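Chemist: Starting from these lines, generate the structure:
(one chain, ligands or ions: 1)
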Amino acid sequence: MASMSAQEQDYQQRVFADKCRRLHSHLLGTKNLLDSIRDYNRTKWPVHYPLAKIARAAEAQSGMGMPSGLRRSNSISHSMSTDSGLAPSPMRRAMTTEDSSAFSSRMTSSDDDLQPERLLDPNDLSVLRLDLRLSYHADSDVMGSLEESSISRLFDERLSQCEVHIDKLIARVTDKSSKILVTGDLNAGKSTLVNALLRREILPFDQQPCTMLFCEVVDASQNGGCEEIHAVPDIAKYDHADPSTYVTVSMGDLEDIVMDNEEQYQQLKIYSQDKRSDKESLLHNGVVDVSLIDSPGLNRDSLKTTQLFARQEEIDVVVFVVNAENHFTLSGQDFLLNAGNEKAHIFIVVNRFDAIRRKDRCERMILDQIKDLSPLTYEERQDLVHFPAEASGSAQLPEPFARMEESLRSFTLEQRFKSKLAPAQRYAMNVLYDVQYLAAENVASATKRIQEINAILRESMPKYETLLTERTENSRMSESILDDSCKEVREHTTTHLTNTATHLEDYAEDVLLAIVHHLEHEVKELVNDLAQIEQHRRALEPLAPSDSSSGALALPSGGSDGLWDDGMASSITASQLASIGSISNALDTVQLELGDFVDLDLSHNWGTLTSLSASASMALFASRSMASNLLTLMRLSSSIGPTTARRLMVSAAMLVGVSSVFYMVSDMDATVRRKLSARRLYTEASRAIRPFVWQLQHNFERMVEAEERRRADHLRKRHVAQDSQIYFDELRNKAQDLANAVRAVSADVCI
Ligand SMILES: Nc1nc2c(ncn2[C@@H]2O[C@H](COP(=O)(O)OP(=O)(O)OP(=O)(O)O)[C@@H](O)[C@H]2O)c(=O)[nH]1
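Modeler: Numbering: from 1, shown residues only. Next up is the predicted model:
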């Protein structure tokens, strides 16, 4: 790669600044989209996560016979996966499973430097894939076993993580410096390489593993030109202007700290002066501030490896140092596979190559490995894969090392877009592809939901309409039944009572006639007696003085001979009450009262009653031609004895009493008719039946209300689904537009 002129450098600076600005804006847009999805997921529509499809994709992936190292585990157990911009092909969303064979043939090809083909099924997610530690199968209904809310919560967390990562990418895009991570297996020669690039033996090196923490070598100009070593316990809080965030270490103690660090420091910041010119120095080069980070061996322990992965977003260039004697170990392969997802291009330095006897064979074998592990790196192997001889620190470096150094400088400086902006661009693209994919899934899900609800509403409509009709019909019918029932009760009651009253009347009449006959007999007997007495008196008349002054009938009055004493009255009243009480009981069902049958207010009506009874008795006497006999009786009463008169009067009193009852009973029908009017019977019956009608109508109302609530609930859900359909459709379009804009940032990457 030829060096750029000052003019070219200036132009490239401006282009780079423009790309940074655009990418920064798109990253913000992407973050806003995620924010909007989070909000929607929380408040309106739990985002449908296509677990089953992803499970099938995972199975299809494993069915394609990919090497185990190339398969993604179902669980994103590695934090690298969280942060990586696992790049899908622009075509991957359009692919179907039928395309999988074609897909597999494209696995190692590339149509876009920034969009390396993913080793994933098209129906898959990358950045927004959930960390579900499940062993699921395509056939199993995983969604069914997981609460929708749990998925929603996990998805919310994933979105949150993505937003945090985008914030870091934004910080990177606006950062004016570049970080080069030097990594590789234990004792591969990482520290030796960094020292060679710095032309100073700053970092300790040894035949045995010695680097125990990350050592970042930064140009001293970033520390006011002062050479210092800061041991940083918490790199997230580090501020070189705040001494409380680090411990200053002398150059003499550096080796001890690097070799013996026991987790007390996360990182060393080594501010070093490079007295070389900008053209020669990698740290200060006149274009961008570069720092070199030496790291512990990948296979030292998982903790440091994890830390390394977690810090991926801060790294612009990865220099992977591989020991030519060991080739790529498993940990090295794993790193390249994962790092390659975000850092499509890895700068590879094959160390200890000088010690190899069959160099061509070694070179071929290592390149073959690289071809599998990092296809894009392999494609640019001329610039990115180097086999330098050991840099001994002498002023005159071997030619392969000089070429490697120039390539690294060029890769870092001239292709900063690839090394610095591309990871952010790739990550944003992956997020936006995932958003499009999820948006499409949710549009489909919402559409399906709407169709289901429409089907439910359609199917339930006849039932609802029938219910409404039946409610109206029931209301009308129940009123009609009520009316009919009341009429029936009224008629039945009237008939029954009339019959009862008639029977009572007949009975009373029979009793009265018997008494009348008895009385007639008594009167006849009495008349006969009187006739005999008369004869006897006439026979004796000459012997006795005449007493014609007492010709009038003298009824006994007062004392125990009184006919209408209270005892008699109460006796009649009690018997009347007793007989009529049974009727009252029989009529309880319609809540009739005794007073409805007879006028029992005797205290007020007694006078009327007695006079009417007397009239009735007289009428009976008249009808039986007893008037003359009675008149005779009355006329002769003065001449009969008290015993005979009492018999007569008792019989007469009985006649009067029975006549009174007869009157009351004979009047009962009229009283019943008067008091129990048709309207009253109707009202009473209605009052008795109405609660059942109300209950029936209430039950119908409740059924209608329940159905209406169900329908309202479905309508509400359909409304939410329709909103979601619109929202996710718009989201898909926005994500697509944004993805195009992000892609366009790299359009003029080569100037
Ligand atoms: N022959 C040869 N030896 C090398 C080369 N590079 C490094 N070494 C030696 O390999 C040993 C380990 O080198 P380091 O730089 O300490 O390796 P490292 O990868 O930093 O080791 P750790 O940080 O402990 O993982 C040292 O003795 C170096 O002199 C090389 O290119 N050729």
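Chemist: quick one, longest helix in this protein?
Modeler: In terms of residue count, the longest helix belonging to the chain (DSSP state H) is helix 422-540.
Chemist: what's that one packed up against?
Modeler: The elements that helix 422-540 packs onto, with contact taken as 3 or more Cβ pairs under 8 Å, 6 or more residues apart in numbering; DSSP states H and E, are helix 6-43, helix 148-174, helix 330-342, helix 566-586, helix 602-623, helix 627-636, helix 642-675, helix 678-744. Every residue, glycine included, has its C-beta placed from N, CA and C.
Chemist: which residue sits closest to Val321, ignoring its sequence neighbours?
Modeler: For Val321, the nearest residue in space outside its immediate sequence neighbours is Gly184; the separation is 3.5 Å by Cβ to Cβ, 6 or more residues apart in numbering.
Chemist: I figured the one you found hits Val318, correct?
Modeler: No - counting by Cβ atoms under 8 Å, Gly184 stays clear of Val318, with 9.9 Å between them.
Chemist: so where's the stretch 51-200 of the chain uncertain?
Modeler: Counting by pLDDT under 70, the stretch 51-200 of the chain contains low-confidence ranges at 57-124, 131-147.
Chemist: Which single residue of it ends up nearest the ligand?
Modeler: Taking Cβ to the nearest ligand atom as the measure, the point where the stretch 51-200 of the chain comes nearest the ligand is Gly189, at 2.9 Å.
Chemist: Leaving out chain neighbours, which residue sits closest to that residue?
Modeler: Nearest residue to Gly189, sequence neighbours excluded (Cβ to Cβ, 6+ apart): Asn351, at 3.7 Å.
Chemist: how many neighbours does that neighbour have?
Modeler: The local packing of Asn351 (other Cβ atoms under 10 Å) involves 25 other residues.
Chemist: what does His492 give?
Modeler: Per other Cβ under 10 Å, the neighbour tally for His492 reads 13.
Chemist: Repeat that for Ala670.
Modeler: 10.
Chemist: residues contacting it?
Modeler: Residues counted as contacts of Ala670 (Cβ atoms under 8 Å, 6 or more residues apart in numbering): none.
Chemist: For it, give its distance to Thr495.
Modeler: In this structure, Ala670 and Thr495 are 16 Å apart, going by Cβ to Cβ, to the nearest Å.
Chemist: quick one: Cys348 is in a strand?
Modeler: Quick fix: residue 348 reads Ile, not Cys. Yes - for Ile348, which was evaluated using DSSP: H, G, I helix; E, B strand; the rest coil, the result is membership in a strand.
Chemist: So what pairs up with it in the strands?
Modeler: Beta-bridge pairing of Ile348, defined through DSSP bridges, involves Phe320, Val385.
Chemist: thought it was touching Phe387?
Modeler: No - applying Cβ under 8 Å, one finds Ile348 not in contact with Phe387, separated by 9.4 Å.
Chemist: neighbour count winner among these two?
Modeler: In this comparison of Ile348 against Phe387, neighbours counted by other Cβ under 10 Å, the higher total goes to Ile348 at 27 against 22.
Chemist: Distance of that one relative to the ligand?
Modeler: The spacing between Ile348 and the ligand, counted by Cβ to the nearest ligand atom, to the nearest Å, is 14 Å.
Chemist: which ones are touching that residue?
Modeler: Applying Cβ under 8 Å, 6+ apart, the residues contacting Ile348 are Val319, Phe320, Val322, Ile370, Ser374, Thr377, Leu384, Val385, His386.
Chemist: mind redoing it with 7 Å?
Modeler: Contacts here follow Cβ atoms under 7 Å, 6 or more residues apart in numbering; on that basis Ile348 touches Phe320, Val322, Ile370, Thr377, Leu384, Val385.
Chemist: quick one, phi/psi of Asp249?
Modeler: One correction, residue 249 is Val, not Asp. Listed backbone geometry of Val249 is phi -120, psi 140, with angles given as degrees, to the nearest 10.
Chemist: Tell me how far it lies from Ile202.
Modeler: 12 Å.
Chemist: now swap in Glu8 and tell me
Modeler: Distance, Glu8 to Ile202, using Cβ to Cβ: 32 Å.
Chemist: who's more crowded, the two?
Modeler: Comparing Glu8 with Ile202 by other Cβ under 10 Å, the one with more neighbours is Ile202, at 19 against 13.
Chemist: can I assume that one sits in a strand?
Modeler: No - counting by three-state DSSP, Ile202 is not part of a strand but coil.
Chemist: Is it in contact with Gln273, as I believe?
Modeler: No - using Cβ atoms under 7 Å, Ile202 makes no contact with Gln273, being 10.6 Å away.
Chemist: quick revisit: name the nearest of the contacts of Ile348 relative to the ligand.
Modeler: Of all the contacts of Ile348, the one with the least separation from the ligand (Cβ to the nearest ligand atom) is Val322, at 10.4 Å.
Chemist: got a list of what the closest one touches?
Modeler: Gly184, Ala188, Phe328, Gly332, Ile348, Val350, Asn351, Ile366.
Chemist: which stretches of the stretch 151-300 of the chain form helices?
Modeler: Here the stretch 151-300 of the chain has its helices, by DSSP state H, counting those that start in this stretch, at 190-198, 254-260.
Chemist: mind checking the backbone torsions on Trp45?
Modeler: Backbone torsions for Trp45, taken as degrees, to the nearest 10, come to phi -150, psi 110.
Chemist: Do you know the pLDDT at it?
Modeler: As summarised for this prediction, Trp45 has a pLDDT of 87.
Chemist: Now it: closest residue in space that isn't a chain neighbour?
Modeler: Leaving aside its chain neighbours, Trp45 sits nearest to Ser724 (4.2 Å; criterion: Cβ to Cβ, 6+ apart).
Chemist: Cys210 now?
Modeler: Counting by Cβ to Cβ, 6+ apart, the nearest residue to Cys210 once its immediate chain neighbours are dropped is Met259, at 4.8 Å.
Chemist: surely the one you found meets Leu213?
Modeler: No - using Cβ under 7 Å as the test, Met259 is too far from Leu213 to be in contact (9.7 Å).
Chemist: Buried ones in stretch 400-407, by neighbour count?
Modeler: Pro400, Phe401, Met404, Glu405, Ser407 (16 or more other Cβ atoms under 10 Å).
Chemist: Helix or strand for the fourth one, just tell me which one.
Modeler: Put plainly, it is Glu405. Glu405 is part of helix 399-409 when elements are defined by DSSP states H and E.
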